[in-house]
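>>> take a look and give me a structure for this.
(one chain, ligands or ions: 1)
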Amino acid sequence: MISIQGLTKRFGAQTAVDHLTWEVPPGKIVGLLGPNGAGKTTTLKMVTGMLQSDEGTALVCGVNVATHPMEAKRLLGFVPDSGAVYESLTGLEFLLMIGALYGICEEEARPRIRQFLDFFELDEQTLSSKFLGAYSKGMRRKVVITAALLHNPKVVLLDEPLDGLDANAAVGFKALLETLAREGKTIVYSSHVLDVVERVCDSVAIMAQGRLLVEGSPKELQHQHGADTLEQLFTRLTGLSGLEARAESFAKNMLS
Ligand SMILES: Nc1ncnc2c1ncn2[C@@H]1O[C@H](COP(=O)(O)OP(=O)(O)OP(=O)(O)O)[C@@H](O)[C@H]1O
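Modelled structure (predicted):
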């Protein structure tokens, strides 16, 4: 569903994504993990076409993102970690605008938006009267997720999607992802919340310094690397050694 070959992005002298080759199969929820600065967001942005790659290709359902950006964008939904929105539009205006960009007319968009409103328990009055700039972080997140799914994309890319959602909304959203995957959608889920990734994802890919270190099911990878949890696997592959001892020594110094 997503096929990445030799994808590379440089920012000046720094190589943020370094000849990344990665296949994401259909109907799966795949976790994209890595320490801060590993290149996860840069990778997702190249797959959406928001960033141009310096080398390599990204195909979404066989469509080359660089050469056929409009076609690729129709197949994709992206929930960015920034959650940036037009603050001076109401939630409804924003969603209708996004719908229009995907060629969905207002009559068709309104009932779809209502389904998401009901699902996320968003107040319709708020959505149609308040500017997005006045929404709480969680409400804004719900609108951004709705905007990403409104056109029923085949592939959904999520960058820290639960950030700002309360526990009820997060549980509901995780169940929604599982349903979408069962319906054949491909979901890439990038997050630092490893216990959620472990529960939700069929497989994970761990990146560091722009490269793919390992990929596979969390259980298989844990077994291969002698780790009891995904967190342990993650710190073993990407972390500094002796983190607990370092934290203890840091706290002692700070308090002395
Ligand atoms: N627009 C940019 N200009 C310059 N450097 C950038 C830009 N975007 C990303 N980078 C650099 O590329 C590297 C990878 O960044 P990226 O945001 O992809 O990492 P990440 O894995 O998503 O990190 P995090 O988990 O902290 O969100 C970082 O060193 C970052 O500073």
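>>> before we move on, what SS does the residue positioned nearest the centre of the chain have?
What sits nearest the mean C-alpha location of the chain, by CA atoms, centre = their mean, is residue 158, with 1.7 Å. With DSSP: H, G, I helix; E, B strand; the rest coil as the basis, residue 158 sits in strand.
>>> how many other residues sit next to the closest residue to it other than its chain neighbours?
Nearest non-adjacent residue to residue 158, counting by CB to CB, 6 or more residues apart in numbering: residue 79, 4.6 Å away. (C-beta placed from N, C-alpha, C; glycine too.) Neighbour count for residue 79, taken as other CB atoms under 10 Å: 23.
>>> OK, contacts around residue 79?
Residues in contact with residue 79 (CB atoms under 8 Å, 6 or more residues apart in numbering) are 144, 145, 148, 156, 157, 158, 159, 161.
>>> where do the strands sit along the stretch 1-150 of the chain?
Assigned by DSSP state E, counting those that start in this stretch, the strands in the stretch 1-150 of the chain fall at 2-11, 14-24, 29-33, 55-60, 63-64, 76-79.
>>> what is the fifth one packed up against?
In terms of contacts (3 or more CB pairs under 8 Å, 6 or more residues apart in numbering; DSSP states H and E), strand 63-64 is packed against helix 69-75.
>>> tell me which residues of the helix it packs on are tucked away?
By neighbour count, with 16 or more other CB atoms under 10 Å as the criterion, the buried positions of helix 69-75 are 72, 73, 74, 75.
>>> separation between residue 208 and residue 247?
Counting by CB to CB, to the nearest Å, the gap from residue 208 to residue 247 is 21 Å.
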